[in-house]
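build me a model from this:
(chains A and B)
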Amino acid sequence: MAVNDVALEINNISVCFDGFYALTDVRTRVMRNTVHFFIGPNGAGKTTLLDIICARTKPTAGTVIFHPKNREPVRLTGMKEYKIVNEGVGRKFQVPSVFVNLSVEENMILALKGHKGIFDSIFRKTTKEELECIHNTLKRVSLDGKSGERAGSLAHGEKQWLEIAMQLVSKPEIIMLDEPAAGMGKPETFKTGEILKEIKKDCTIIVIEHDMDFVKQAADIVTVLHEGKFLMEGNVNEVLADKTVQAVYLGRGGEHDA
Amino acid sequence: MKSLKKKGPDICFAMIAAVLACAPLMLNAGILNSSSIVLFLGKCIAFAIVAIGIDLIWGYTGILSLGHGLYFALGGYCMAMYLKLQETGGGITDFMHIGGMTELPLVWRPFNYFPVALILIIAVPGTVAYLIGYFIFRNRVKGVYFSIISQALTWAGYSIFIALSPYTNGNVGITEIKTILGSIKGEAHKQAMFELFYISLAILIVVYAAARFLTSGKFGCLLVAIRDGENRTYFSGYKVSAYKNFIYVVSAVTAGIAGAVFVNFNGSITPSQMTISYSIAMVIWVAIGGRGTIIGAVIGAFLINLCEYNLSSGSMVEIWQYIIGAAFCITILFFKGGIVGIITEQIPAVAEKLKNRKKKTKEA
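Reported below is the predicted structural model:
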C-alpha cells in the first residue's frame, strides 16, 4: 500500500425513480489500489450505484469525482459514458455481454486502450505489442487456446472470464465488476479472487458480490448498503461482526450461501 | 478449407464480374440477341452498388433504413441535371419554360460542369445523410423508430421533388437524357454503350473492394459490435453515435453513386425512385442475397432483378409481387443468412448431420 489516496469520491448520491428512492444520500470513498466491495441484500442499490458511476443512470442529486493518477480530478456525473471509459473507469456488467458474433481475439482488440476514433479503427493496424498483451491476458484467464473461437460459443463462466480479460486489457485505473463470480464454481471463484488481489497493484477495483467466501478472500474494504442507504463500512471482519449487518443481511435466510 | 471460407466471397465476386465483363462480347458474338439485356445488366450493376451500401448499414451495423431510395434518387438527379444541361447546351429546359422561368435557376448552374457534377453526386447525398444522421443518432434513436423516420424522410423527399416541378419537372422527372458518353441507342453507338458498361463495372468493383476493406478490419468488428450490443460498445469507450453517422453517410454516398450509374442506363430519373416501395425493394435484395456479407448483397441484387426481368414481362407479371414478398418472408423466417447463409451454414450443417448418421449406422 504505497500510495493510499482516494481514487473515487461518491458524494451524497441520491436517485429517485418515479418517487421511489433507489439510493438515498450515499457517500463513501474508494481508496487507490484496494479491492472495495459493495454488499447488501437484493434491492440495496448496489448495481444502481455502479450505473451512476459509469453514467448509465443519472443521479437526482450528488456527484461522483474521479481522481486519476498524476492528473486533475474529473467530475464523472454529467459525462458521456464512452468518455468515462476513456478516462480510465471500466465496467463489467452482471450479465456477460461480450460480442457474441466476434471471435475472442476480436473482442479483446475492441477493448484495447486508446485509438477509439473512426479513422484509427479503419486504418490503424493492431501492433505486435498489443497482440502480445492480449495473448498474455488471455493466458491469465486460461482462454489463450480459444482466441479464434466465436465468443458466443463460450460457456457462461468463460464469458465472464473474457469480460474480465477485456477489462484488464483496457488498462483502466478503476475496474467495476458486477458479480464477477456469478455462474462460476468454487475453484474458478477462488482464482478470480486471486487475480483481483494481483491486479490491484495496478488499479482500483470495485466489486459487487454475494458470495461471502469470495468477499472474505479478496476484500480490503467492504461497504454495506441497505434499502438504498449507507449502512456501514470497514474491513471484512468488522462488517461481518456487526449486529445490524447480521440483522439486515445475514439474517435473511442465508443469502450468503447463494 | 478455412482459406476458402475467407476467400470464397472474393472468388465469387470475381466470377460475377468476369461474367458481366463477357456480356458485351457475347452480344457481339450474337449469343445475346438484343442490346437491351446489356442495358439491363448496367442497371443491375447500379442496384448491386446500392445493395452494398444497404448491407453496410443494415447487415453489418443493424440499422434498418427503409429510405435509401432518397439517396439513390439524389445521386440520380444530380447526374440527370448534368446530362440534361449537356443536351440544352446550358440553356433552360422545356419544363422550366412551362414553369414560367426565363433563365436557368441557381441550383442548376453548378451542373454545367462535369467535375462539379461528379462532386455533387457524392456531396449532396452525403451532406443530407450527415445532417439527418447527426440528429437521429445523437439522440440515440434506434431500431424500428429509425426505420419509420427513414421512411418518412424519403416520402418527404418525394413530395418536395413533386412540389418543385418548375425545377424538377415533378411527377414526370428528368427524361430523354443521353449518357455521359453521348447517345448509346442503336447500332452506331454500340461502342459507347460498351465503354459505359465497363466504366460502371469498374465502379462496382471499386465499391465492392472498398466495402470489403472497411468490413475486414477492426472497423468491421466495431460495426458488428454495434449491431450486437450498442450499449456495450459505448461502455468499451467508443462514440457509437459518430460511428453510426459515419457508416450512414458512407452508405448514402454509395446509394448516390448507384443512382448516378442508374440514370445513364435508364435514360431518365423520376420521383418514383424515391418511393418507399422502391426503397424496401432494395432491402429485400440484401435480405435474400444474405445480409452481413457484402457478396450476398451483390448476389441478391443481380438475382432478384434478373428474375424480375425475365418473369415479370410474361404471364407472371401479376403474381411477381407475391412471389418476391413470399420469398422475403421465407428468408426472414427460416434463412436469416439468405442465399449466402444457406451455402455457408445450412448446407454444411446438413452435410455434417448426414455424415454423423452414416457413421452411426456403420458403428451399429
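
please count neighbours and contacts with C-alpha atoms only from this point.
Noted.

surely A:K159 touches A:F99?
No: contact between A:K159 and A:F99 fails when scored by CA atoms under 8 Å: they sit 9.9 Å apart.

residues contacting B:T93?
Shown in contact with B:T93 (CA atoms under 8 Å, 6 or more residues apart in numbering or on different chains): B:K84, B:L85.

revised request: answer the last question for B:C78.
Here B:C78 is in contact with B:F111, B:A117, B:L120, B:I121, B:A260 (criterion: CA under 8 Å, 6+ apart).

what residues does the third one make contact with?
If a contact means CA under 8 Å, 6+ apart, then B:L120 has B:G75, B:C78 as its contacts.

model confidence at it, what's the number?
pLDDT, B:L120: 93.

tell me the helix or strand right after the host helix or strand of it.
Assigned by DSSP states H and E, B:L120 falls within helix B:114-138. For helix B:114-138, the succeeding helix or strand toward the C-terminus, using DSSP H and E, is helix B:144-163.

next one: that following helix to chain centre, how far?
Computed by CA atoms, centre = their mean, to the nearest Å, the chain-centroid distance of helix B:144-163 equals 18 Å.

show the average pLDDT along it.
In this model, helix B:144-163 has an average pLDDT of 92.

same question, stretch A:226-236
86.

next one: stretch A:28-44
Stretch A:28-44 comes out with an average pLDDT of 87.

can I assume A:I164 is in contact with A:F93?
No: taking contacts as CA under 8 Å, A:I164 lies outside contact range of A:F93: 10.0 Å.

about what we covered before: pull out the buried residues from the helix holding B:L120.
Residues B:117-118, B:120-126, B:128-130, B:132-134, B:136-137 are the ones in helix B:114-138 that count as buried (16 or more other CA atoms under 10 Å in any protein chain shown).

ok, the closest residue to chain A within the stretch 151-300 of chain B - how many residues close by?
Using CA to the nearest CA, the closest approach of the stretch 151-300 of chain B to chain A is made by B:G237 at 4.1 Å. B:G237 has 28 neighbouring residues, counting by other CA atoms under 10 Å in any protein chain shown.

what residue is smack in the middle of the chain?
With no chain named, the answer covers chain A. A:M176 (1.5 Å; CA atoms, centre = their mean).

can you look at chain B instead?
B:V50 (1.4 Å).

how about it: what's its closest non-neighbour residue?
Excluding the flanking residues, the one nearest B:V50 by CA to CA, 6 or more residues apart in numbering or on different chains is B:A255, at 4.5 Å.

the more surrounded of A:I164 and A:F93?
A:I164 (25 against 20).

show me what contacts that one?
Neighbouring residues of A:I164 by CA under 8 Å, 6+ apart: A:K92, A:P180.

report the distance from the helix or strand where it lies to the chain centre.
According to DSSP H and E, A:I164 maps onto helix A:156-169. How far helix A:156-169 lies from its chain's middle: 12 Å, per CA atoms, centre = their mean.

for the helix or strand following it, which strands pair with it and how are they oriented?
Next in sequence after helix A:156-169, counting helices and strands by DSSP H and E, comes strand A:174-178. Sheet partners assigned to strand A:174-178 using DSSP bridges are listed as strand A:89-92 (parallel), strand A:204-208 (parallel).

quick one: contacts of strand A:174-178?
A:7, A:47, A:50, A:88-94, A:167, A:203-209.

my guess is B:G75 contacts B:I122. True?
Yes: if you go by CA under 8 Å, B:G75 and B:I122 touch, sitting 7.1 Å apart.

okay, and the common contacts of these two?
Common neighbours of B:G75 and B:I122 (CA under 8 Å, 6+ apart) are B:G256, B:I257.

the helix holding B:L120 to helix B:144-163, inter-axis angle?
140 degrees (axes from the mean of the first three to the mean of the last three CA atoms, to 10 degrees).

what ranges does chain B have for its strands?
In order along the chain, chain B carries no strands (DSSP state E).

so where do the helices sit in the stretch 151-258 of chain A?
Shown for the stretch 151-258 of chain A, the helices assigned by DSSP state H, counting those that start in this stretch span residues A:156-169, A:186-199, A:212-218, A:236-241, A:243-245.

export those helices to TSV and append columns for distance to B:F161.
What follows is the helices of the stretch 151-258 of chain A, written out as TSV (distance: least, CA to CA, whole Å):
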stretch	distance to B:F161
helix A:156-169	50
helix A:186-199	62
helix A:212-218	67
helix A:236-241	71
helix A:243-245	70
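
pick the most buried one from those.
Ranked by mean neighbour count, the helices of the stretch 151-258 of chain A are led by helix A:156-169 with a mean of 23 (mean count of other CA atoms under 10 Å in any protein chain shown).

angle of that helix against helix A:186-199?
0 degrees.

list the contacts of the residue of chain A found nearest chain B.
Closest contact between chain A and chain B, by CA to the nearest CA, is at A:Y82 (4.1 Å). Going by CA under 8 Å, 6+ apart, A:Y82 touches B:Y234, B:F235, B:S236, B:G237, B:Y238, B:K239.

separation between the fifth one and A:I52?
When CA to CA, to the nearest Å is applied, the distance between B:Y238 and A:I52 equals 19 Å.

ok, the closest residue in space to B:R291 that isn't next to it in sequence - contacts?
Spatially, and ignoring its direct neighbours in sequence, B:R291 is nearest to B:G59 (4.4 Å; CA to CA, 6+ apart). B:G59 makes contact with B:R291, B:G292, B:T293, according to CA under 8 Å, 6+ apart.

could I get those in TSV, plus columns for pLDDT and neighbour count?
Shown next, in TSV, are those (pLDDT from 0 to 100; neighbours: other CA atoms under 10 Å in any protein chain shown):
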residue	pLDDT	neighbour count
B:R291	88	31
B:G292	87	26
B:T293	88	23
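
near chain B, which residues of chain A? Just list them.
Listed as neighbours of chain B in chain A under the rule CA under 8 Å from any CA of the partner chain: A:81-86, A:90-91, A:97-102, A:106, A:109-111, A:116-118, A:121-122.

rerun that using 6 Å as the cut-off
Counting by CA under 6 Å from any CA of the partner chain, chain A comes close to chain B at A:Y82, A:V85, A:N86, A:F99, A:A111, A:K116, A:S121, A:I122.

so how far is the helix or strand containing the second one off the chain centroid?
With elements taken from DSSP H and E, the one containing A:V85 is helix A:81-87. Per CA atoms, centre = their mean, the displacement of helix A:81-87 from the mean C-alpha position of its chain is 14 Å.

how about stretch B:262-280?
The answer for stretch B:262-280 is 11 Å, by CA atoms, centre = their mean.

now that stretch: buried residues?
Residues of stretch B:262-280 classed as buried: B:262-276, B:278-280 (neighbour count, 16+ other CA under 10 Å).

show residues contacting it.
Here stretch B:262-280 makes contact (CA atoms under 6 Å, 6 or more residues apart in numbering or on different chains) with B:39, B:43, B:46, B:66-70, B:73, B:76, B:154, B:158, B:173-177, B:179.

start to end distance for that stretch?
Start and end residues of stretch B:262-280 are separated by 17 Å (CA to CA).

quick one: mean pLDDT for it?
In this model, stretch B:262-280 has an average pLDDT of 89.

re earlier: between the contacts of A:Y82, which is closest to A:E238?
Using CA to CA, B:F235 is the member of those that lies nearest A:E238, at 34.7 Å.
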